[in-house]
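Chemist: The sequence isn't on hand, but the structure is:
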């Protein structure tokens, strides 16, 4: 079974450029999460979707960040314009959300390592 | 506010021995879930084990077991018979059933090194 797929795996760009990160969740999962991981701040939740609808984007650092989920099998995280402090590993995770069910484990993609010069 | 604490930044263990990674949590909600993830040097996050707050027994998955002490609010991960491939960063996480949120809050992680 295919897990969560993220692309690209590595991205190096220059300050001011637009960056688009892509995620394909596990088929059948109805929740999708975007995280950012840095040494200083650890794992931070940026935004998550239930059934393609953004539920909470309070973790998005600023207006330069935006996320979309046009359908159940695809999501993007866009940074425009990018800055050096955006350098981090960005993870996408998905799960099956069922009210009242216990585990609903999140499964993570391999991550995109972003470097902004 | 909910909080997850991992007090061991780094741990060393001899191959084939058991090791316990500590995790404490703080919440006033009676319903919650606790997760452990492994992050090897390659970077991916791998789900290991889950414990629900109402589960009567400690969770086990192969060589992984979760020592759940509810009164102490601790959820330590025990790895038996350590292998070199267990060397990785380990994260404890908690999920609360707050409405439709149910997102995870992660601890700062413990770097485990298995020595040959």
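Modeler: Done, it's in. This one's a predicted model, so the numbers in the text were calculated from it and none came from an experiment. Residues are numbered from 1 along each chain as shown, chains lettered A, B, ... in the order given.

Chemist: Please make it C-alpha for all contacts and neighbour counts, starting now.
Modeler: Fine.

Chemist: Now residue A:84: closest residue in space that isn't a chain neighbour?
Modeler: Excluding the flanking residues, the one nearest residue A:84 by Cα to Cα, 6 or more residues apart in numbering or on different chains is residue A:116, at 4.6 Å.

Chemist: what does the model give that neighbour for pLDDT?
Modeler: We note a pLDDT of 97 for residue A:116 in this prediction.

Chemist: need the contact list for it.
Modeler: Residue A:116 makes contacts with A:12-15, A:82-87, as judged by Cα atoms under 8 Å, 6 or more residues apart in numbering or on different chains.

Chemist: now with 10 Å?
Modeler: A:11-17, A:19, A:82-88 (Cα atoms under 10 Å, 6 or more residues apart in numbering or on different chains).

Chemist: And residue A:43, by the same measure?
Modeler: Neighbouring residues of residue A:43 by Cα under 10 Å, 6+ apart: A:35-37, A:89-91, B:91, B:104-109.

Chemist: Narrow the residues you listed to those in strands?
Modeler: Counting by DSSP state E, these place A:35-37, A:89-91, B:91, B:104-106 in strands.

Chemist: which residue sits closest to the residue in chain B that chain A sits nearest to in space, ignoring its chain neighbours?
Modeler: Chain B approaches chain A most closely through residue B:44 (4.5 Å), counting by Cα to the nearest Cα. Leaving aside its sequence neighbours, residue B:44 sits nearest to residue A:110 (Cα to Cα, 6+ apart; 4.5 Å).

Chemist: Burial check on the one you found, number of neighbours?
Modeler: Neighbourhood size, residue A:110 [other Cα atoms under 10 Å in any protein chain shown]: 23.

Chemist: was I right about it contacting residue A:93?
Modeler: Yes. If you go by Cα atoms under 10 Å, residue A:110 and residue A:93 touch, sitting 9.3 Å apart.

Chemist: which neighbours do the two share?
Modeler: Common neighbours of residue A:110 and residue A:93, counting by Cα under 10 Å, 6+ apart, are A:3-6, B:45.

Chemist: Just the closest of these to residue B:26, please.
Modeler: Ranked by distance to residue B:26 (Cα to Cα), these are led by residue B:45 at 23.3 Å.
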